[in-house]
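**Student:** just coords:
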């Protein structure tokens, strides 16, 4: 906004009208900004882009061009805000895309880890069960192992039924 206020003040001091400025060819606007108003390159580019946007906006209003510099200043400020919002939206869209990709990668990694950690389902390669976990009487995995006086381990249900 400060750049815009300075720009409008310089237009007023040179006796330029908004219509005259908007009718300048692009090369003359650049010359005006650089040579007569002495703006640095960065500010020249910003102001030249704003003048071009205002020119297209004025053309879309059937060539209407008011002479009010205050209105011109408001339109430039509005265009600058619009441009800043567009740039912010583009940055946010890029961040959203990046975050979506990261989320997708994390989801895939989570699913892979979950698959590796899950017990094997029927039809898949069985895991080996240590021999010490199998009851010598029933041949099944012991659910409640007990040790007898002779030092052997059996499943409680199997040894109880056998005795």
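**Tutor:** Looks like it came in fine. Because the structure is a prediction, the values reported are computed rather than measured.
**Student:** residue boundaries of the helices in the protein?
**Tutor:** Here the chain has its helices, by DSSP state H, at 2-13, 18-23, 26-31, 41-60, 69-117, 156-162.
**Student:** Any chance of JSON lines for those, columns distance to residue 131, mean pLDDT and mean neighbour count?
**Tutor:** From N, CA and C alone the C-beta is placed, and that goes for glycine too. Output for those, formatted as JSON lines (distance: least, CB to CB, whole Å; pLDDT from 0 to 100; neighbours: other CB atoms under 10 Å):
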{"stretch": "helix 2-13", "distance to residue 131": "83", "mean pLDDT": "72", "mean neighbour count": "15"}
{"stretch": "helix 18-23", "distance to residue 131": "92", "mean pLDDT": "68", "mean neighbour count": "17"}
{"stretch": "helix 26-31", "distance to residue 131": "87", "mean pLDDT": "73", "mean neighbour count": "13"}
{"stretch": "helix 41-60", "distance to residue 131": "78", "mean pLDDT": "71", "mean neighbour count": "15"}
{"stretch": "helix 69-117", "distance to residue 131": "25", "mean pLDDT": "81", "mean neighbour count": "12"}
{"stretch": "helix 156-162", "distance to residue 131": "16", "mean pLDDT": "91", "mean neighbour count": "14"}
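**Student:** Skipping adjacent residues, who's closest to residue 36 in space?
**Tutor:** With CB to CB, 6 or more residues apart in numbering as the criterion, residue 36 has its nearest non-adjacent residue at 7.1 Å, and that residue is residue 14.
**Student:** Pull the number of nearby residues for the one you found.
**Tutor:** 11 (other CB atoms under 10 Å).
**Student:** So it sits against residue 33, correct?
**Tutor:** No - contact criterion CB atoms under 8 Å: residue 14 and residue 33 do not qualify, at 11.9 Å.
**Student:** circling back: for the residue nearest to residue 36, what are phi and psi?
**Tutor:** Backbone torsions of residue 14, given as degrees, to the nearest 10, read phi -90, psi 0.
**Student:** per-residue pLDDT, it?
**Tutor:** Here, the pLDDT recorded for residue 14 equals 74.
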